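Chemist: Here you go, sequence then predicted model.
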Amino acid sequence: MRKRKMTTLYLMTGVLVLSLLIGLLVHYHLSVEETASKEPVVQEKEPEKEEVQKENQEEKKEENQEEKEDEPEEEETEQQEQENTVIDDPVEEEPVDQEPVQKVPVYTPPTLSGEFSDPYSLLVVANKKYALDYYFEPTDLRVVNAAGNRTHYLRDCAASALESMFAAAAQEGITLVTCSSYRSASYQASLYNNYVAMYGTATADTISARPGYSDHQTGLAADIGDHDQATVFTQAMEYTVEGQWLYAHAHEYGFILRYPKGKEWITGYSFEPWHYRYVGVDYATAIYNVSPDCTLEEYFGIEGGDYAY
């Protein structure tokens, strides 16, 4: 009986000890796992953007520095090439006595407005203050079918009026002759230069227009002489039958005496009893009614006189 009790005690003790051991083992295992779970897990991280940007910037700086180090070499090369280029110093020549060069003043003629500046207007003005375009040539020029010392051209309206006037004069036994009509600026230049060569500029300017300023370039002006042209281009024509007939009747056909006597300070030219300008019957009659010696400048209040230079 006693032995059974001791055996049972031993068994219980053994079971208790075994239970304690098992409990200790379980506790130890749990402690190890808990410790392991608390340790930080080290992971490989990708480099942050800021670090990548810094690295890129540093690389660019290094490249820029390398380029800058290369540039001075190129600049030095250019400087060397410039230094090696020999520039000849200007050679100062000894002054040579020369006549002073006279500078021709640049002058732009003023312009008129409206019908006085329109080259195709019957009232276009070409005087020493107002010039035509140098290359102007009327497109309606035609041959004048009237007596003349050669073939002459006028604008169609002026040519028809001149033909009628010559026919009317012929019915009264007066023979009129066309001595000059349309002139181009280049032809006028040759005439003017000839006068300058013969008489000098001052005198030439009183008897001939400079190219571009001629009334003849309008295609509306004609120089008219007597039948034998004895007094053509002379002031003596004033006293001839032909001159007196024109002075009294030209306005009836649309013509006015363009350069009358005593009006030289207005027209800029000496008296020309042979020079008539077509402006149309209405205006010619109105101007004549003011005075046979009334000028275009006076009637329309247009500036006249001498050249500005």
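Modeler: Nice, I can see it.
Chemist: For the rest of this, base every contact and every neighbour count on C-alpha atoms.
Modeler: OK.
Chemist: Sheet partners, orientation included, of the host helix or strand of L154?
Modeler: According to DSSP states H and E, L154 maps onto strand 153-155. Strands that pair with strand 153-155, judged by DSSP bridges, come out as strand 141-143 (antiparallel).
Chemist: who's in contact with the partner strand?
Modeler: Residues from elsewhere that reach strand 141-143, judged by Cα atoms under 8 Å, 6 or more residues apart in numbering: T151, H152, Y153, L154, R155, D156, A159, G219.
Chemist: Same list (those residues) but as CSV, adding distance to Y120 and pLDDT.
Modeler: Conversion of these to CSV gives the following (distance: Cα to Cα, whole Å; pLDDT from 0 to 100):
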residue, distance to Y120, pLDDT
T151, 22, 94
H152, 19, 96
Y153, 15, 97
L154, 12, 98
R155, 9, 98
D156, 11, 98
A159, 15, 98
G219, 9, 98
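Chemist: and which of the residues you listed is nearest V125?
Modeler: G219 (11.9 Å; Cα to Cα).
Chemist: what's that closest one sitting at in phi/psi?
Modeler: As for G219, its main-chain torsions (degrees, to the nearest 10) stand at phi 80, psi 10.
Chemist: these two touch, right, it and L154?
Modeler: Yes: counting by Cα atoms under 8 Å, G219 does reach L154; the two are 4.8 Å apart.
Chemist: Between those two, which contacts overlap?
Modeler: The contact lists of G219 and L154 share L141, S181, Y182, where a contact means Cα under 8 Å, 6+ apart.
Chemist: The first one: how many residues sit nearby?
Modeler: A count of nearby residues for L141, using other Cα atoms under 10 Å, gives 18.
Chemist: and A284, that's in a strand?
Modeler: No: in this structure, A284 is helix, not part of a strand, as judged by DSSP: H, G, I helix; E, B strand; the rest coil.
Chemist: For the stretch 1-150 of the chain, give me the ranges with low pLDDT.
Modeler: Per-residue confidence for the stretch 1-150 of the chain (pLDDT under 70) gives these ranges: 1-10, 15, 23, 25-111, 113.
Chemist: Emit the PyMOL select command for whichever of the contacts of strand 141-143 are buried.
Modeler: Of the contacts of strand 141-143, the buried ones go into a single PyMOL selection, burial set by 16 or more other Cα atoms under 10 Å:
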select buried, resi 152+153+154+155+156+159+219
